[in-house]
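> fold the following, please.
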Amino acid sequence: MRNMIAFAVLLVAGCVDPAPTNVAATGPNSVGNEVAALQGVGDGAAPVVFNTQLSAENEPGPVSTSESKGHAQVKVLADGTMEFTFTINNKSDESFRRAHIHKAAAGANGPIHWDFLEAGQPVASVDGQPATLSGVARARAAAVLADLLANPHLYYVNVHSVAFPGGAVRGQLR
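Model prediction:
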């Protein structure tokens, strides 16, 4: 099913002008409109689900010594909506300030494509034991979502804390 959705999104993405990844996509080039047009709204298509284990060991270089570990799940629904959840066993009692999906292979850093924990959207930080956050990411261009669906191993979830602003825990999507 994942391949069918990825193929459909890639097919449509090749026919549109990609929007910048730092601006929410709306209108005829938005992922939701394209995927819904192909699959029909409410057809019961199963979401594409990606999971990853988050740990400091996945951060490139000796950047983080956080003892916290966690799990992130990203669901891409048939209409292109992206839901996310992350839960961190906050062993280091950290205050997490940023969380996002970046694009880069394991061992490398890359640009942000989706924000999960944006300042003031809906909260400024997450802490506690466990530290958890769930929500819906802002829409991005169809071509970016199509690339994620086709190449999830090239994307990673990164959670940044006050103690480790460059990244506390990280994990590649699979």
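> these two touch, right, residue 50 and residue 173?
Yes. Under the criterion of C-beta atoms under 8 Å, residue 50 is in contact with residue 173, at a separation of 4.2 Å. C-beta here means a position set from N, CA and C on the backbone, and glycine is covered the same way.
> and these two? which has more neighbours close in?
With neighbours defined as other C-beta atoms under 10 Å, residue 50 and residue 173 compare such that residue 50 has more, 23 against 18.
> buried stuff in the helix or strand harbouring that one?
Secondary structure assignment for residue 50, by DSSP states H and E: strand 48-55. Buried positions in strand 48-55, judged by neighbour count with 16 or more other C-beta atoms under 10 Å: 48, 50, 52-55.
> same check on stretch 85-98?
By neighbour count, with 16+ other C-beta under 10 Å as the criterion, the buried positions of stretch 85-98 are 86-88, 90, 92, 94, 96-98.
> export those residues to TSV and tack on pLDDT?
Rendered in TSV, the data for those read as follows (pLDDT from 0 to 100):
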residue	pLDDT
86	92
87	92
88	92
90	89
92	83
94	89
96	87
97	86
98	86
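> of these, which is the nearest to residue 133?
Here the nearest of the buried residues of stretch 85-98 to residue 133, counting by C-beta to C-beta, is residue 86; it sits at 5.7 Å.
> verify the stated contact: the closest one with residue 54.
Yes. Taking contacts as C-beta under 8 Å, residue 86 lies within contact range of residue 54: 7.0 Å.
> find residues that contact each of the two.
Overlap between the contact sets of residue 86 and residue 54, as judged by C-beta atoms under 8 Å, 6 or more residues apart in numbering, is given by 70-72, 157, 159.
> by pLDDT, give me the weakest of those.
Ranked by pLDDT, the shared contacts of residue 86 and residue 54 bottom out at residue 159, which has 92.
> once you drop chain neighbours, what's closest to that residue?
Using C-beta to C-beta, 6 or more residues apart in numbering and skipping residues adjacent in sequence, the residue nearest residue 159 is residue 99, 4.5 Å away.
> check the secondary structure at that neighbour for me.
Three-state call for residue 99 (DSSP: H, G, I helix; E, B strand; the rest coil): strand.
> ok, now which ones touch residue 164?
Residues counted as contacts of residue 164 (C-beta under 8 Å, 6+ apart) are 56, 59, 63-66, 94.
> I appreciate the help and will end here.
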